[in-house]
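A.B. asks: Compute the structure for the input listed below.
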Amino acid sequence: MSITYKSAGVNIDAGNDLVKKLKKKLPKIGGFGGIFPINRTRYNLVSSTDGVGTKLKLAFLLNKHDTVGIDLVAMNVNDLICVGAKPLFFLDYFACGKLNVDQAEQVINGIAKGCELSGSSLIGGETAEMPGFYKDGEYDLVGFSVGIIEKGKQINGKKIKFGDVVIGLPSSGPHSNGYSLIRKVFSDTELKRYSKQLIVPTKIYVKEVLAALSKFNSNEQNIVGIAHITGGSFYDKIERILPENIIAVIEKKAWKVPEIFKLVQEKGKILQDDIYRTLNMGIGMVLIVRPDAALQVKKFFKGAKAIGYIKKGNRGVEII
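C.D. replies: This next block holds a predicted model:
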């Protein structure tokens, strides 16, 4: 029997339905970052909030807490750069049943490391101790990131058109998505066996993507869309930035899928549509680029691959 993300307890469709309902009252939500114009200046603030998800369960199992803070920062700042914003500062929320100072220090050191990697300042946070709410030794993490971008320079996908090229940037592993599925597929013994591939922190793309935007978008937009491949993976995250009547075609043979993803798919007997809507399959960030600049953009990023193209049709994503 095939395992799905939904059977593992995560209903992506329900989350999407909630966003659609909220957009009726809050039409500006739903992007990778919330935009707030600073009056009488030429800048917008961009904000993001996210957590680490059930990857924390793996940290508890392994008693390894020094990397999930990097994941926390990455999940936020990688969203900010999807609109072209430079991250400025970060705050965290650490909640537990009973505070373990050594454990919390490891987590926060990881957050500080993630901020360093993304060029952000860690300016504060909140530690909440809630007896009886969390199991002993367990905690939850949430982060909040704020960035800045010059008005008129944000990347929103509206300029994506027929003929553009999809460039994929390699991930460091599953990043911080799909762990409810991974934990459904693997036993605790197997999670420990594959822990090196599973606990590796989410890659932070900030510095290299901002450098690429500076190089390739200084005179005109050659990079016209950016998607962080997280919850909903290829289907939901790429579709989020597409204009109407545009299809992104992803060619799954264009890159080598790391073995850990193959193991999850094979052991869980997971269908293609489900696996590519749950895990990043080795691609953590997607850039949509003008064809004339595609080769140069691909060469700019270490390990980048041309993984697809844009065609006309009913708005969506096809994986072939």
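A.B. asks: Show me what the residue nearest to residue 76 when sequence neighbours are not counted is bridged to.
C.D. replies: Closest residue to residue 76 apart from its sequence neighbours, by Cβ to Cβ, 6 or more residues apart in numbering: residue 145 at 3.7 Å. The C-beta positions use only the backbone N, C-alpha and C, and glycine is treated the same way. According to DSSP bridges, the partner residues bridging residue 145 are residue 48, residue 90.
A.B. asks: residues in contact with residue 145?
C.D. replies: 47-49, 73, 76-77, 79-80, 87, 89-90, 120 (Cβ atoms under 8 Å, 6 or more residues apart in numbering).
A.B. asks: Next one: it from residue 118, what distance?
C.D. replies: Counting by Cβ to Cβ, to the nearest Å, the gap from residue 145 to residue 118 is 8 Å.
A.B. asks: repeat for residue 284
C.D. replies: With distances taken as Cβ to Cβ, residue 284 is found 14 Å from residue 118.
A.B. asks: cool, and residue 96?
C.D. replies: On the measure of Cβ to Cβ, residue 96 and residue 118 end up 25 Å apart.
A.B. asks: So for the two, which residue has more residues nearby?
C.D. replies: Set residue 96 next to residue 118 and count neighbours by other Cβ atoms under 10 Å: residue 118 wins out with 26 against 23.
A.B. asks: Next, that one: phi, psi?
C.D. replies: Backbone torsions of residue 118, given as degrees, to the nearest 10, read phi -100, psi 0.
A.B. asks: Give me the neighbour count for the residue nearest to residue 312 when sequence neighbours are not counted.
C.D. replies: Among residues not flanking residue 312 along the chain, residue 162 sits closest, at 5.2 Å (Cβ to Cβ, 6+ apart). Residue 162 has 12 neighbouring residues, counting by other Cβ under 10 Å.
A.B. asks: Check the contact between residue 42 and residue 150; I expect there is one.
C.D. replies: Yes. Between residue 42 and residue 150 there is a contact under Cβ atoms under 8 Å: 5.7 Å.
A.B. asks: Now that residue 47 has come up, it's in contact with residue 36, right?
C.D. replies: Yes. Between residue 47 and residue 36 there is a contact at 6.9 Å, judged by Cβ under 8 Å.
A.B. asks: joint contacts of those two?
C.D. replies: Counting by Cβ under 8 Å, 6+ apart, nothing touches both residue 47 and residue 36.
A.B. asks: can you give me the strands in the chain?
C.D. replies: Along the chain, counting by DSSP state E, strands occupy 34-37, 43-51, 86-96, 121-129, 139-150, 165-170, 223-228, 246-250, 283-289, 305-312, 316-319.
A.B. asks: Could you dump the ones you listed into TSV with distance to residue 187 and mean pLDDT added?
C.D. replies: Output for the strands of the chain, formatted as TSV (distance: least, Cβ to Cβ, whole Å; pLDDT from 0 to 100):
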stretch	distance to residue 187	mean pLDDT
strand 34-37	40	95
strand 43-51	25	97
strand 86-96	26	98
strand 121-129	32	97
strand 139-150	24	98
strand 165-170	28	98
strand 223-228	30	98
strand 246-250	31	98
strand 283-289	26	98
strand 305-312	32	98
strand 316-319	29	98
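A.B. asks: Tell me which of the ones you listed approaches residue 212 most closely.
C.D. replies: Distance to residue 212, taken as Cβ to Cβ, is lowest for strand 223-228 among these, at 6.5 Å.
A.B. asks: starting at the chain centroid, how far to the closest one?
C.D. replies: 12 Å (Cα atoms, centre = their mean, to the nearest Å).
A.B. asks: Near residue 220, how many other residues are there?
C.D. replies: When neighbours are counted by other Cβ under 10 Å, residue 220 registers 10.
A.B. asks: ugh, wrong one, I meant residue 191
C.D. replies: 19.
A.B. asks: Just confirm it contacts residue 55, I think it does.
C.D. replies: No. The pair residue 191 / residue 55 is not scored as a contact, 10.9 Å apart, by Cβ under 8 Å.
A.B. asks: And residue 47 and residue 36? Which one has more around it.
C.D. replies: Set side by side, residue 47 and residue 36 show more neighbours around residue 47, with 17 against 12, by other Cβ under 10 Å.
A.B. asks: thinking again about what came up before, between residue 145 and residue 118, which contacts overlap?
C.D. replies: With Cβ under 8 Å, 6+ apart as the test, residue 145 and residue 118 both reach 73, 77, 87, 90.
A.B. asks: how near is the residue lying closest to residue 82 once chain neighbours are set aside to residue 235?
C.D. replies: Leaving out its chain neighbours, the residue that sits closest to residue 82 by Cβ to Cβ, 6+ apart is residue 32, at 3.7 Å. With distances taken as Cβ to Cβ, residue 32 is found 16 Å from residue 235.
A.B. asks: Quick one: neighbours of residue 228, just the number.
C.D. replies: Quick note: residue 228 (other Cβ under 10 Å) scores 29 neighbours.
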